[in-house]
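*Asks:* below are the sequence and a predicted model; questions follow.
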Amino acid sequence: MKLIFEKSKEGRTAFSLPKLDVPEVKIELENELLRKEEPNLPQVNELEVVRHYNELERKNHSVDSGFYPLGSCTMKYNPMLNEEMANLFNNIHPYLDEEQVQGALELMYNLQKYLGEITGMDAVTLQPAAGAHGELTGMLIVRKYIEDNGYTNKTKVILPDSAHGTNPASAKMAGFDVVEVKSGSDGRVDLEEFKKVMDDSVAAIMLTNPNTLGLFEKDILEIARLAHEHNALLYYDGANLNAIMGKVRPGDMGFDIVHLNLHKTFSTPHGMGGPGSGPVGVKEKLKDYLPKPIVDINEDGKYFFNYDIPKSCGRLRTFYGNFSVMVRAYTYILMMGKEGLKFASEMAVLNANYLRKKLEKEFDIAYDEICKHEFVIDGSFLKEYGVKTLDFAKRLLDYGIHPPTIYFPLIVHEAMMIEPTETESKEELDRFVEVMHKILEEAKTDPEILKGAPRNTPVRRLNETIANKQLKLRG
Amino acid sequence: MKRFPYIPHTEEDIKEMMNVIGIDDIKELYKDVPKLFEGELNISESKSEIEVKRELLELSNRNANLEDYAMFRGAGIYKHYVPSAVYQLATKRNFLTAYTPYQAEVSQGTLQALYEFQTAICELTGMEVANSSMYDGGTAVAEAILMASRVNKKHKSLVAKSIHPEYIEVSRTYTESQGLEIELINYDEKTGRIDLEDLKDKIDENTSSVVISYPNFFGVIENIKRIKEVLPEKVLLIVNAYPIALGLLEAPGKLGADIVVGEGQSLGNYMSFGGPTFGFFASKQKYIRQMPGRIIGETVDADGKRGFVMVLQTREQHIRRAKATSNICSNHALMAVIASVYLSIIGREGLKEIAYQNYQKAHYLAEKLIETEKFDPVFEGEFFNEFVIKPKFDLDKFNEKLLEEKFIGPLNLGRFFDDMKNYGLFCTTELNTKEEIDYLISKVGEIDEINL
């Protein structure tokens, strides 16, 4: 379809402004600073814009349009109420006096408390704009901690080979060397391998638990003990928190720092890849290193931004974080309450195990045991039919289902990571199972159907090689 | 069993599903967890939609809703007009509740919208390539400094003291741990522009980049061309631009900028207490492989039909892991699409007109304020829609008085600069009417009477 720029026609407009009502002055700017050529923005009328974006919208799969079992991304339903509540707070400027934003500050203060409670942490910052941003924040807190304690030899961060790619990238951005520890045959961190790389030069260990295979790190208490024995900090990647709310708290397991993804666990919309929000929680001993400001309350019951964090790791973004995402998460927490959050986790795990069980006969489940909220299929077996996981995924599109995450985690060949979330019904899961089996049957009898998929989508399979070779990045 | 509107499971469903799994109790799903949380979270019990709505309404009522206020404050976040169609289109549920376009065939809406966004940003900035957004203006500046360092392998950035103070803080946080150095460049106290002599003095063989804002934090318009002229060839010029001003000001790309970034909030995004907004990021094509963030490219499908995909992913963290250009994964795609819709609606003429009105209204206000003789002018440099003047009275008290009339007065620069206590940073946009500007000026006239 045409770009909006290609629909442009000189003289059309979708915009009007009141006539300038102040006396005009001559613009006094050096000639070179005056724009000579206007930016070539579209000239279209309002109906054209409306039709254009309506057409684009129809070309998207979303949670609202169908099943989205994208492992590790936690594509749960985003309640309508969240949006309405967020809109109540659209018109606040960040540099108003605190007096004028007491409602917003109270909301932030409460959210800090709730997230601390859910994770078992003592203090929380809401500043980071996304999960990876939270990771960077966490790693910079680690950096301040080791500097402050004089641990000059601590240069390394350990993470498992199943970790999200953002983990090593964030550790590197904070100036650490990354050491990968191999997973054992049971899909967990191999304790013996871990001991080999664990020494006093380690500043932190980054883990997600349950891990990206959907498995709980059973040895977590021992890992925490070893970490702390070497004065290293244990970092919790909260991408998979949706499996454990109200069931187990990272803080109780020995984690010192966590980041959360409000857009995953707390039902704020993913918005095509952002905005997210990645609050970071820490144990008491790390409170002084949080980014500033955090929201606090004084003796008179007034909320304020506390900038008095002398050892702070700095500021990670302008203003206070993704406030309207916070409103959505706060709304969700109030709606669910303590029992609802716990129930959500239980149902997310129930759904994942139900799917795993339903699929295990015909599909090769990478680690076929009780999982948490996601599990991984090893698609290598598809090779005997001459197809790959990619082909299988593309065929799912023809049935109106967004494929699972594919080719991640890296330690499973031809991986397909499935995360149904708690908001899908048994009927929807049954339908998914049916489609999975149907496609498998197609793979066996007519693999060309898979290789030629998708067919029922707005475009057929897209050529990524051409896109990368002949870079065309703008219209 | 309590019912939750977002969870579909009936008791019967749960039983059937447990049967399939071969368990009798949900607890068995957690039997491998060594330390279960036995208590109850210290959070209230679940509430109904009616109760939650009441609670949030009550909270929101304790904020100033700037819809009802005359706004004379900017400093990085601006109250501009958002046309009705912008949110109704950009926040449709298939945009709002979609994820990163990992499966391009069912994400053409996202991909094309972001491709159009990249196109619009290139047009605005006069640059060759753009990514599909950063978290905000501050992180965009910080990442630009890191990118410049990857390009020329040098490790010092000269940052104008006159960029947004919080951007400087963010840049320090981002660069310090990577062994990069940030040195501040003074502004000329007379003009408010960057002090070119100070800049020249501080450039050495380690200098990787120079960062300026256009207009700067004081609202003063820097002369990019003259700055570029004093830079050695290998030093990259990073320009943080206010996008609305680019309807009037020459595109930074035409004046020698190597990387152009900025805060995109003004392009159709609400103020939302400062977030989410988005950062835009554009550069010369030759630096593309060092660019952070997600980039969308055009391609064809199996039938030769036009389509869009994510490109150059080998720079990104999910492929390159520790060797990625940046750890940024989720960006602010929705905000970028809001901007894209906004720019499509206002179009070429709209942007020009908005910029023109912003300029005119600010100049009218500045002139009238100076005429009251209750302010001293501060900088001689030309400004766009924001300017600094120094009142001969207590600015905070004046702002308090204004507030009673539902006027948000200027930012007191003492918040950020010790040597600018009681200096006011005023801002106007197309939303300020002559009537409210005149009223503000009349309030200045009453100052003796209100005895500040």
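*Replies:* In hand now; what should we look at? Numbering: from 1, shown residues only, chains lettered A, B, ... in the order given.

*Asks:* so what's the residue count around residue A:174?
*Replies:* Neighbour count for residue A:174, taken as other CB atoms under 10 Å in any protein chain shown: 27. No exception for glycine: its C-beta is placed from N, CA and C like everyone else's.

*Asks:* pop out the phi and psi values for it.
*Replies:* Backbone torsions for residue A:174, taken as degrees, to the nearest 10, come to phi -90, psi 10.

*Asks:* can you tell me the closest non-neighbouring residue to residue B:230?
*Replies:* Computed as CB to CB, 6 or more residues apart in numbering or on different chains, the closest residue to residue B:230 that is not its neighbour in sequence is residue B:200, at 5.5 Å.

*Asks:* so that neighbour, which state does it fall into?
*Replies:* What DSSP: H, G, I helix; E, B strand; the rest coil gives for residue B:200 is helix.

*Asks:* beta partners for residue 156?
*Replies:* No chain in the question, so chain A it is. Beta-bridge pairing for residue A:156 (DSSP bridges): residue A:177, residue A:202.

*Asks:* try chain B instead
*Replies:* Residues in a beta bridge with residue B:156, per DSSP bridges, are residue B:181, residue B:207.

*Asks:* list the contacts for it?
*Replies:* Taking CB atoms under 8 Å, 6 or more residues apart in numbering or on different chains, we find residue B:156 in contact with B:180, B:181, B:182, B:183, B:204, B:206, B:207, B:208.

*Asks:* what does residue B:356 give?
*Replies:* Shown in contact with residue B:356 (CB under 8 Å, 6+ apart): A:20, B:247, B:248.

*Asks:* now residue A:382
*Replies:* Counting by CB under 8 Å, 6+ apart, residue A:382 touches A:388, A:389, A:391, A:392, A:414, A:443.

*Asks:* among those residues, which two are most distant?
*Replies:* Greatest spatial distance among those (CB to CB): A:414 and A:443, at 12.6 Å.

*Asks:* so where do the helices sit in chain B?
*Replies:* Remark: helices assigned in chain B by DSSP state H are B:11-21, B:49-61, B:84-90, B:93-96, B:108-125, B:137-152, B:165-176, B:196-202, B:224-229, B:317-320, B:333-371, B:395-404, B:434-445, B:447-450.

*Asks:* buried ones in the third one?
*Replies:* Which is helix B:84-90. Using 16 or more other CB atoms under 10 Å in any protein chain shown as the test for burial, helix B:84-90 gives B:85, B:86, B:87, B:89, B:90.

*Asks:* which ones are touching the second one?
*Replies:* Contact criterion CB under 8 Å, 6+ apart gives B:268, B:338, B:341, B:342, B:345 as the residues in contact with residue B:86.

*Asks:* so which of these comes closest to chain A?
*Replies:* residue B:345 (4.5 Å; CB to the nearest CB).

*Asks:* what about that closest one, how many residues close to it?
*Replies:* The number of residues near residue B:345, taken as other CB under 10 Å, comes to 25.

*Asks:* surely it is in contact with residue B:82?
*Replies:* No: assessed by CB atoms under 8 Å, residue B:345 is found out of contact with residue B:82, at 9.6 Å.

*Asks:* between the two, which contacts overlap?
*Replies:* Common contacts of residue B:345 and residue B:82 (CB under 8 Å, 6+ apart): residue B:268.

*Asks:* columns mean pLDDT on top of the helices of chain B, output as JSON lines?
*Replies:* What follows is the helices of chain B, written out as JSON lines (pLDDT from 0 to 100):
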{"stretch": "helix B:11-21", "mean pLDDT": "98"}
{"stretch": "helix B:49-61", "mean pLDDT": "98"}
{"stretch": "helix B:84-90", "mean pLDDT": "97"}
{"stretch": "helix B:93-96", "mean pLDDT": "98"}
{"stretch": "helix B:108-125", "mean pLDDT": "98"}
{"stretch": "helix B:137-152", "mean pLDDT": "98"}
{"stretch": "helix B:165-176", "mean pLDDT": "97"}
{"stretch": "helix B:196-202", "mean pLDDT": "98"}
{"stretch": "helix B:224-229", "mean pLDDT": "98"}
{"stretch": "helix B:317-320", "mean pLDDT": "90"}
{"stretch": "helix B:333-371", "mean pLDDT": "98"}
{"stretch": "helix B:395-404", "mean pLDDT": "95"}
{"stretch": "helix B:434-445", "mean pLDDT": "96"}
{"stretch": "helix B:447-450", "mean pLDDT": "67"}
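
*Asks:* which stretch among those comes nearest residue A:51?
*Replies:* helix B:84-90 (10.0 Å).

*Asks:* please, which helix or strand holds residue A:338?
*Replies:* Taking DSSP states H and E as the definition, residue A:338 sits inside helix A:323-359.

*Asks:* how near is residue A:416 to residue B:19?
*Replies:* In this view, residue A:416 and residue B:19 are 25 Å apart by CB to CB, to the nearest Å.

*Asks:* okay, those two: which has more neighbours?
*Replies:* Using other CB under 10 Å as the criterion, residue A:416 and residue B:19 rank with residue A:416 on top: 29 against 12.

*Asks:* for residue A:205, helix, strand, or coil?
*Replies:* strand.

*Asks:* which one is it nearest to, not counting chain neighbours?
*Replies:* What sits nearest to residue A:205 in space, not counting adjacent residues and going by CB to CB, 6+ apart, is residue A:158, at 4.6 Å.

*Asks:* what sits against that neighbour?
*Replies:* For residue A:158, the contacting residues are A:179, A:180, A:181, A:194, A:197, A:198, A:202, A:204, A:205, A:206, by CB under 8 Å, 6+ apart.

*Asks:* how about it, secondary structure?
*Replies:* Once three-state DSSP is applied, residue A:158 turns out strand.

*Asks:* show me where the stretch 51-200 of chain A dips below the pLDDT cut-off.
*Replies:* The stretch 51-200 of chain A contains no residues with pLDDT under 70.

*Asks:* would you map the helices across it?
*Replies:* In the stretch 51-200 of chain A, the segments counted as helices under DSSP state H, counting those that start in this stretch are A:80-87, A:102-119, A:131-148, A:166-173, A:191-197.

*Asks:* tabulate the ones you listed (TSV), appending distance to chain B and mean neighbour count.
*Replies:* What follows is those, written out as TSV (distance: least, CB to the nearest CB, whole Å; neighbours: other CB atoms under 10 Å in any protein chain shown):
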stretch	distance to chain B	mean neighbour count
helix A:80-87	5	19
helix A:102-119	3	22
helix A:131-148	5	25
helix A:166-173	4	28
helix A:191-197	13	15
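
*Asks:* and residue B:144, which of those is closest to it?
*Replies:* For residue B:144, the closest of the helices of the stretch 51-200 of chain A is helix A:166-173, at 14.5 Å, according to CB to CB.

*Asks:* okay, the angle between the closest one and helix A:131-148?
*Replies:* Relative orientation of helix A:166-173 versus helix A:131-148 (axes from the mean of the first three to the mean of the last three CA atoms, to 10 degrees): 40 degrees.

*Asks:* got a list of contacts for helix A:166-173?
*Replies:* Identification of contacts with helix A:166-173 by CB under 8 Å, 6+ apart yields A:131-132, A:135-136, A:138-139, A:157, A:159, A:178, A:180, A:204, A:206, A:237, B:174, B:177-178, B:317-318, B:320-324, B:326-327, B:329.
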